[in-house]
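Asks: Got a predicted model here, sequence first, then my questions.
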Amino acid sequence: MPDRHARFVRSALTDSEVAEVAVVDELARRLRTHLEVRRDEIDRVHVHRASSSAVQAVVGELLREIGFDEEVVLTPQDGFVTRARPDFVFPIADGRGIIAEVERGGTTTNNHDLKDFWKVHIAKDAQHLFLVVPAANWNEAGQARERPFARVAHRLAAFFGDARREVDVLSAHVFGYGSDAPAAR
């Protein structure tokens, strides 16, 4: 089974950030296991023209179980007109947290991955991103029209590993869901 998890962490961390990343990594491990265990169920709802809310419901079961809140409006900041409302938010400590987004069709075609990353960058109370994306999106004929997981992992990697390119996101975890072939109907 291919590895469908990519982890990115800022190049220089304080001691408290190292401890915080350890907490985030454990939550990421649990989400990764959940996606693997529930792959067949996700495959049944991740079909051509299906609603993204169906996949979000399966992923959200675990996120809610481990303490993520759903559809929370982030703390507004002076100078920004955004009223960001991510799919899920996990508070780690006062002013510290994780945003989790579940994407489907527009992951890369509409740059939802980069918008989600930017949301964490400008958020006053989030420093980490869990981005859950399809391993593949299917066309009507049952062929993969795109493979978002690999592309998203490559795109987000550009923001880590070199202090000059890094932004105000401490870590990002990209998870790929679903199988490499569409579910039989």
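Replies: Arrived safely, thanks for sending.
Asks: Identify the single longest helix in the protein, thanks.
Replies: Criterion DSSP state H: the longest helix present in the chain is helix 15-37.
Asks: got the buried residues for stretch 142-150?
Replies: 146-150 (16 or more other C-beta atoms under 10 Å). Where you see a C-beta, it was placed from the backbone N, CA and C, and this is true even at glycine.
Asks: pLDDT weak spots in the protein?
Replies: Within the chain, the segments meeting pLDDT under 70 span 1, 75-83, 106-108, 182-185.
Asks: residue boundaries of the helices in it?
Replies: Under DSSP H, the chain gives helices at 15-37, 39-45, 52-65, 112-122, 148-157.
Asks: what's the closest of these to residue 130?
Replies: helix 15-37 (6.4 Å; C-beta to C-beta).
Asks: Among the buried residues of stretch 142-150, which one lies nearest to residue 96?
Replies: For the buried residues of stretch 142-150, the nearest to residue 96 is residue 149 (27.1 Å; C-beta to C-beta).
Asks: burial count for the closest residue to residue 62 other than its chain neighbours?
Replies: Once flanking residues are discounted, residue 62 sits nearest to residue 34: 4.1 Å by C-beta to C-beta, 6 or more residues apart in numbering. Residues lying near residue 34 (other C-beta atoms under 10 Å) number 20.
Asks: and what of residue 90?
Replies: 21.
Asks: I'd like to know how far it sits from residue 125.
Replies: Taking C-beta to C-beta, to the nearest Å as the measure, residue 90 falls 11 Å from residue 125.
Asks: Could you do residue 150 as well?
Replies: For residue 150, the distance to residue 125 (C-beta to C-beta) stands at 31 Å.
Asks: Ok, residue 44 next?
Replies: 35 Å.
Asks: The residue most central in space within the chain: what's its closest spatial neighbour, skipping adjacent residues?
Replies: Centroid-nearest residue in the chain: residue 131, 0.8 Å away (criterion: C-alpha atoms, centre = their mean). Nearest residue to residue 131, sequence neighbours excluded (C-beta to C-beta, 6+ apart): residue 174, at 5.0 Å.
Asks: For that neighbour, give me its contacts.
Replies: Residue 174 makes contact with 5-6, 8, 131, 133, 149, 152-153, 156, according to C-beta atoms under 8 Å, 6 or more residues apart in numbering.
Asks: Just list the residues touching residue 9, thanks.
Replies: Here residue 9 is in contact with 21, 160, 170-171 (criterion: C-beta under 8 Å, 6+ apart).
Asks: what about the longest helix of the chain, distance to the chain center?
Replies: 12 Å (C-alpha atoms, centre = their mean, to the nearest Å).
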